[in-house]
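Asker: structure for the following, please:
(3 chains)
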Amino acid sequence: MSADIAIDQLDEAQARAELARLADLLAQANAAYHREDAPVFDDAEYDALKRRNAEIEMRFPHLKRSDSPSEQVGAAPSEGFGKITHAVRMMSLSNAFDDEDVVEFDQSVRKYLGAPGEIAYTAEPKIDGLSLSIRYEMGQIIHAATRGDGEIGENVTANALTIADIPQTLDGAPDVLEVRGEVYMSHADFAALNARHAERGGKTFANPRNAAAGSLRQLDPEITHARPLKFFAYSWGELSAPLADTQTAATRRLQALGFQINPLTRRFTEITDLIAHYHNIEAQRATLGYDIDGVVYKVDDLALQRRLGFRSTTPRWAIAHKFPAELAWTRLEAIDIQVGRTGALSPVARLTPVTVGGVVVSNATLHNEDYIAGRDSKGGEIRGGKDIRVGDWVEVYRAGDVIPKIADVDLSKRPDDAVPFLYPTVCPECGSEAIREEGDAVRRCSGGLICPAQAVEKLKHFVSRGAFDIDGLGAKQVEQFYKDGWIKEPADIFTLRDRFSTGLQQLKNREGWGEKSANSLFDAIDVRKTIPLAKLIFALGIRHVGDSSASLLATTYGTWDAFEAAMTEAQIGVGTQWEDLLAVDGVGAVMATSVITAFHQEAERASIDRLVAHLTVVEAAKPKNDSPVSGKTVVFTGTLEKMTRAEAKARAESLGAKVSGSVSAKTDLLVAGPGAGSKEKKARELGIETLDEDGWLALIGTA
DNA sequence: GAGCCTCGAGTTCG
DNA sequence: CTCGAGGCTC
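Answerer: Model (predicted):
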């Protein structure tokens, strides 16, 4: 059989046939494995097939099949890359900008754990590349995904396979292992790559990070193969068995499996030592041979990491201590005012283009009125109280290496005729009065939907990701349609097809629009006529109601009819509807007022009604959580010995319980430690179930 | 009332 | 990514 032919003796036709055969076999094997019935092959056989497949692909990259087994999981990417949902979310890290932030980090860890004694931390350079998660099952690489938004990343398996630092098979790994780390390019390789490109007259990359990102996201793996990418492992996602008890041991284990671990990783028990190591690494920055942008500290003990857990997007047990940002001087040419969806006037600095941290910056945010004036919103000084004037020389940096901001003003170079910036009190877009509420940092246009800028921004929000997300109808198209007078409010989107049976002709005549694209736009719009309640509420763009609050409202009220009826009947500050709204955990008076107002203002309400008439709104599912405490209100009292309050609360909430501070008739369960007093007495009077700490831990299954 | 945490709304460039 | 502010806890 062809399986016996050595790979380097295969001709093209044989290779093609062999790849087809392997794809078929491995697909069967995967199906069997995932159904957990009798595996077709044992591990060693599977392993050998997978390796053979990869090796043939390596030799004949152009023969690689679209359904290649090396890219298993998820749909075959038809356009660009397929998506992969991370089994375990890829978190980001919170940042420390100075030594004091690091001390505070340590204090918050200790406070959360409650007098834990000595705590060891690891410190490692933060590589400036892009993060990658690589999944292995039974020692075989299954897929590799970029971080994406943390939940869903892009399938770059074929490209990851070409990186020498990424093993294709692992010996002695847990059955399921997701290895996480950073893909990067060394300075030397970056320079050589750019030199090669320049020679051929091609475009060069601005910095190693862009080169690494551009290389990993090549659609043709052969190109990626020719790019010298490297990989450091530092973390993991899903695991079928623990790697070790500590961060240090776990990364050593990854090293033993064949991954590169950064050699400057150390373990310390004193914060002063962490900070000393930070400065040590900083001193070596120029000679490392690759870009780093800080040092990451992690609690070493994985049991403590587990106890500390996560905030919404960041772990409590790690922090990135960033190096000071790169700075550059340039001239401020103008200050423009943009008007946002809520009417907020935001100033933007137009700069003489300047390179900062490897990219050319020509705009920078100026935040608000006070920032320009050199005051913070409480009247204190920022930037030494220097105001910013058009014509000034300003020092620019990229906050978080992303958003350009102004750090300083050089008064010695200020032109004699420079005058303080006069912040407009009238909306530059519609001429309505722009009002700054007492105690508010932003000035807002009072024009509402009369203001074209607000109307357009609201429409852009309506079609954005997370809201209606209509394929082919992005910010640009919305702007154009608004200018044409075809779409003035969200409801107009859903009558486009009908109203433009004649207009289609016009649409087709416009550049970039053929009959096909116009029809696919209309189809994409029709698809979204059925919309989940949460997305609809979010799409309305009510101030103070974002993604998360919209979901909250949706699950609280369940249906559009219930929500709409409640908001219509509700009165601000009084009545049962108001009380019900405020009883929702996470809704306060400000948000409640904002929502109710939207449903009571005539024009806005009419617009909402016109929109909803076109839609089928999908009921919001009640959050189902089958933990024994989900939906229960729990109160903790007395001294907890195995966990701190914050920890107990976070754990209970992650299981779907609501944690309250005081016992009332609504309380379902009291957890009382030693020293419990009046709360326990009250619970007894009310006949509320009471448990001690061990009873609670047993109940939630972590005794 | 202060202090945390989370969310919302703003922003840049490739 | 950051700032400001809303909401909740102590």
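
Asker: all helices of the stretch 301-450 of chain A, in order?
Answerer: Assigned helices in the stretch 301-450 of chain A, in chain order: A:302-308, A:369-373 (criterion: DSSP state H, counting those that start in this stretch).

Asker: residue contacts, the residue in the stretch 251-400 of chain A that DNA strand B sits nearest to?
Answerer: Across the stretch 251-400 of chain A, the shortest distance to DNA strand B (CB to the nearest atom of the strand) belongs to A:Gly340, at 2.4 Å. Placement of C-beta: from N, CA and C, glycine included. If you count contacts by CB atoms under 8 Å, 6 or more residues apart in numbering, A:Gly340 has them with A:346, A:453-454, A:457.

Asker: DNA strand C is nearest to which of the helices of the stretch 301-450 of chain A?
Answerer: When these are ranked by proximity to DNA strand C, the top entry is helix A:369-373, at 6.5 Å, counting by CB to the nearest atom of the strand.

Asker: give me the number of residues near A:Asp417?
Answerer: A count of nearby residues for A:Asp417, using other CB atoms under 10 Å, gives 7.

Asker: for A:Gly586, find the nearest of the helices of the stretch 301-450 of chain A.
Answerer: Ranking the helices of the stretch 301-450 of chain A by their distance to A:Gly586 (criterion: CB to CB) puts helix A:302-308 first, at 22.9 Å.

Asker: now for the closest one, which elements pack on it?
Answerer: helix A:99-113, helix A:247-256, strand A:292-299 (3 or more CB pairs under 8 Å, 6 or more residues apart in numbering; DSSP states H and E).

Asker: any part of the first one near DNA strand C?
Answerer: Just to be clear, that refers to helix A:99-113. No: where contact is defined by CB under 7 Å from any atom of the strand, no part of helix A:99-113 touches DNA strand C; the two come within 10.9 Å at best.

Asker: just say helix, strand or coil for the residue minimising distance to the centre of chain A.
Answerer: For chain A, the residue nearest the mean C-alpha position is A:Asp149 (3.8 Å; CA atoms, centre = their mean). When the structure is split into helix, strand and coil by DSSP: H, G, I helix; E, B strand; the rest coil, A:Asp149 lands in coil.

Asker: helix or strand right after the helix or strand of chain A with the lowest mean pLDDT?
Answerer: The helix or strand of chain A with the lowest confidence, counting by mean pLDDT, DSSP states H and E, is helix A:503-509 at a mean of 58. Per DSSP states H and E, helix A:503-509 leads on to helix A:515-527 as the next helix or strand towards the C-terminus.

Asker: around DNA strand B, which positions in the stretch 1-150 of chain A sit nearby?
Answerer: A:Ser108.

Asker: which non-adjacent residue is nearest the residue of the stretch 1-150 of chain A found nearest DNA strand B?
Answerer: Residue of the stretch 1-150 of chain A nearest DNA strand B, by CB to the nearest atom of the strand: A:Ser108 (5.8 Å). Residue nearest to A:Ser108 in three dimensions, not counting chain neighbours: A:Arg316, with 7.3 Å by CB to CB, 6 or more residues apart in numbering.

Asker: likewise for A:Tyr234?
Answerer: Of all residues beyond its chain neighbours, the one nearest A:Tyr234 is A:Gly181 (5.2 Å), with distances taken as CB to CB, 6+ apart.

Asker: quickly find the element holding that neighbour.
Answerer: Using DSSP H and E, the element containing A:Gly181 is strand A:176-184.

Asker: how about the CA coordinates for that strand, as PDB?
Answerer: As requested, C-alpha coordinates have been extracted for strand A:176-184 and formatted as PDB (Å, rounded to 0.1, in the frame of the first residue of the first chain):
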ATOM      1  CA  VAL A 176      -6.400  17.200  26.100                       C
ATOM      2  CA  LEU A 177      -4.000  20.100  26.300                       C
ATOM      3  CA  GLU A 178      -4.300  23.600  25.000                       C
ATOM      4  CA  VAL A 179      -0.900  25.300  25.100                       C
ATOM      5  CA  ARG A 180      -0.900  29.100  25.000                       C
ATOM      6  CA  GLY A 181       1.900  31.500  24.300                       C
ATOM      7  CA  GLU A 182       3.200  34.200  22.100                       C
ATOM      8  CA  VAL A 183       4.200  34.000  18.400                       C
ATOM      9  CA  TYR A 184       7.000  36.600  17.700                       C
END
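
Asker: next, the angle strand A:292-299 makes with it.
Answerer: Relative orientation of strand A:176-184 with respect to strand A:292-299: 150 degrees, computed using axes from the mean of the first three to the mean of the last three CA atoms, to 10 degrees.

Asker: who does strand A:176-184 pair up with?
Answerer: strand A:130-137 (antiparallel), strand A:230-239 (antiparallel) (DSSP bridges).

Asker: other residues contacting it?
Answerer: Outside of strand A:176-184, the residues within contact range by CB under 8 Å, 6+ apart are A:86-88, A:90, A:127-137, A:160, A:163, A:170, A:208-209, A:212, A:216, A:229-240, A:243, A:254, A:259, A:290-291.

Asker: okay, and the beta partners of the closest residue to DNA strand C within the stretch 201-350 of chain A?
Answerer: Of all residues in the stretch 201-350 of chain A, the one sitting closest to DNA strand C is A:Lys322 (7.4 Å; CB to the nearest atom of the strand). On the basis of DSSP bridges, A:Lys322 takes part in beta bridges with A:Gly294.

Asker: ok, how many other residues are close to it?
Answerer: When neighbours are defined as other CB under 10 Å, A:Lys322 has 20 of them.

Asker: same question for A:Pro452.
Answerer: For A:Pro452, the tally of surrounding residues (other CB under 10 Å) stands at 16.

Asker: would you agree A:Pro531 falls within a strand?
Answerer: Just to correct that, residue A:531 is Ile rather than Pro. Yes: inclusion of A:Ile531 in a strand is indicated when three-state DSSP is applied.
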